[in-house]
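Asker: let me see the structure of the following:
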Amino acid sequence: MTPPLAERLRPRTLDEYIGQEHLVGAGGILRRMIESGTVSSFILWGPPGVGKTTIARIIANSTKSKFFTLSAVSSGVKDVREVLDQCKREAESMFNAGRPILFIDEIHRFSKSQQDSLLGAVESGIVTLIGATTENPSFEVIRPLLSRAQVYTLKPLEAPQLQTLLDRAITTDEILKQRNVQVQGTDALFRFSGGDARKLLNILELIEHSTPHGQPMIINDEVVVNSLQENPMAYDKQGEMHYDIISAFIKSVRGSDPDAAIYWLARMIAGGEDPEFIARRLVILAAEDIGLANPNALLLANACFDTIHKIGMPEGRIPLAECTIYLATSAKSNSAYMAINNALALVEKTGNQPVPLHIRNAPTSLMKDLGYGANYKYAHDYPGNFVKQQFLPDSLLGTRLWQPCDNPAEATLAQRQQQRWGNP
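Answerer: Model prediction:
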């Protein structure tokens, strides 16, 4: 089976590597590290498709040290423990030429406890750590680990570098060099690539697959746009597809379709979306779209977010699925969402209305003398812990900002308010 174009063109040496001249160019820190064969722990931070994994593989090919790799997307605690045990045996072996190197892709997906387990191995010299992340390490990697590993920032590829990659693909790839490739325009190709080498090569491969053999393989703006529209499986967590799929996910939950919701959840997980981003959206959904119809939804969504933060992936897919199905099948209400929007609009319209004297704070005797807090009725001193009194500013008396939705939970709340306050 022929490997994908991006894999066929993956650089094997620094001379084949495109971009990141500040790190791998003449005198660059990573070039000096690779050429000397002495690798210290570091983390590569940059957007997708800019060469993080490729740098790690070049190091693997050039170092005499034993090289291990883990993906934080698919590796659990057991996998980490097993690899660290192997690294320890290699480090203790008299036949080992250097300290074992452990490459962890998407290291930001590791939970705090998993990162803590790495810390001991790095600190004791059992392993040299190379991490790759698309997220800011300052927020996603624990501080003790950051203090023991340098962070190197990788940049998106620019148009000249993308052009070099395109030319190389057309002239050197075993499949493309046999096709009659005609480049008529690159604006759309480079724009949709977004500085991502892998994405550019994936688009090229889409065009190649859709062009019948014997016909010229045309590359222009129209062909690129049409190819992407016909292949929606591509998922870009930094671009338009990211927003389209999270929108579909939110609307499926809001629309009470658990099957569609779990499908879009799977698309995001398979596409490498940050699980905490998904969990945050579930918390917002629980408050905005389920709301007072089922207040337990917010508790479950918060528990889901906490769980994701603690255990990471791949196990985190299970609480995400549980919460998604629960929210999708729950009763719905946006009354709290609408109430705060109504209140904010009212504040914007009416400005700073004075607080009624009887509910003002009165921490000093002067304020008491001015009537602050006077005649305030303490609700708990009255039957049912309720007594009628004014709480809104004088100019807003009678204003209704919360309108209960039609569901059993809010019907109970509305009935209770009717009993307390009577007709508005």
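
Asker: which residue is the nearest non-sequential neighbour of residue 392?
Answerer: Spatially, and ignoring its direct neighbours in sequence, residue 392 is nearest to residue 399 (6.2 Å; CB to CB, 6 or more residues apart in numbering). Every residue, glycine included, has its C-beta placed from N, CA and C.

Asker: which residues of this structure fall in strands?
Answerer: Per DSSP state E, the chain carries strands over the ranges 42-45, 67-71, 101-105, 128-133, 150-153, 181-183, 217-219.

Asker: make TSV from these and add mean neighbour count to it.
Answerer: Listed next are these as TSV, based on neighbours: other CB atoms under 10 Å:
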stretch	mean neighbour count
strand 42-45	23
strand 67-71	18
strand 101-105	24
strand 128-133	25
strand 150-153	15
strand 181-183	15
strand 217-219	19
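
Asker: tell me, how many residues neighbour the closest residue to residue 289 other than its chain neighbours?
Answerer: Using CB to CB, 6+ apart and skipping residues adjacent in sequence, the residue nearest residue 289 is residue 254, 4.7 Å away. Using other CB atoms under 10 Å, residue 254 has 17 other residues around it.

Asker: and for the spatially most central residue of the chain, nearest residue in space, chain neighbours not counted?
Answerer: By CA atoms, centre = their mean, the chain has its centre lying nearest to residue 274, at 2.7 Å. Of all residues not flanking residue 274 in the chain, residue 135 sits nearest, at 6.8 Å (CB to CB, 6+ apart).

Asker: one more: residue 216?
Answerer: Leaving aside its chain neighbours, residue 216 sits nearest to residue 180 (4.6 Å; criterion: CB to CB, 6+ apart).

Asker: same question for residue 179.
Answerer: Residue 179's closest residue in space is residue 217 (CB to CB, 6+ apart), at 4.6 Å.

Asker: swap in residue 307?
Answerer: residue 319 (4.6 Å).

Asker: which residues are in contact with residue 42?
Answerer: Residue 42 sits next to 129-131, 149-152 when contact means CB atoms under 8 Å, 6 or more residues apart in numbering.

Asker: so what's it scoring on pLDDT?
Answerer: Predicted confidence (pLDDT) at residue 42: the value is 93.

Asker: quick one: contacts for residue 133?
Answerer: Taking CB under 8 Å, 6+ apart, we find residue 133 in contact with 43-45, 106-108, 140-141.

Asker: if you set the cut-off to 10 Å instead, what comes out?
Answerer: By CB atoms under 10 Å, 6 or more residues apart in numbering, the contact list for residue 133 reads 43-46, 52, 72, 104-110, 140-141, 151.

Asker: can you name the two of these that sit furthest apart?
Answerer: Largest separation among the contacts of residue 133 by CB to CB: 46 and 110, giving 17.9 Å.

Asker: neighbour count winner among these two?
Answerer: Per other CB under 10 Å, whichever of residue 46 and residue 110 has more neighbours is residue 110, with 26 against 20.

Asker: pLDDT weak spots in the stretch 1-150 of the chain?
Answerer: 1, 93-98 (pLDDT under 70).

Asker: can we see that at 50?
Answerer: 94 (pLDDT under 50).

Asker: how many residues are close by residue 301?
Answerer: Counted with other CB under 10 Å, the neighbours of residue 301 add up to 24.

Asker: err, residue 267, not the other one
Answerer: 18.

Asker: next one: residue 399
Answerer: Neighbours of residue 399 under the rule other CB under 10 Å: 13.

Asker: does it really touch residue 347, like I thought?
Answerer: No - the pair residue 399 and residue 347 does not pass the contact test of CB atoms under 10 Å, sitting 11.4 Å apart.

Asker: which stretches of the stretch 1-150 of the chain form helices?
Answerer: With DSSP state H, counting those that start in this stretch as the criterion, the stretch 1-150 of the chain has helices at 5-8, 21-24, 29-36, 52-62, 77-92, 112-123, 137-140, 143-146.

Asker: hmm, I was thinking of the stretch 251-400 of the chain
Answerer: With helices called from DSSP H, counting those that start in this stretch, the stretch 251-400 of the chain shows them at 258-270, 275-285, 296-311, 317-329, 335-350, 365-369.
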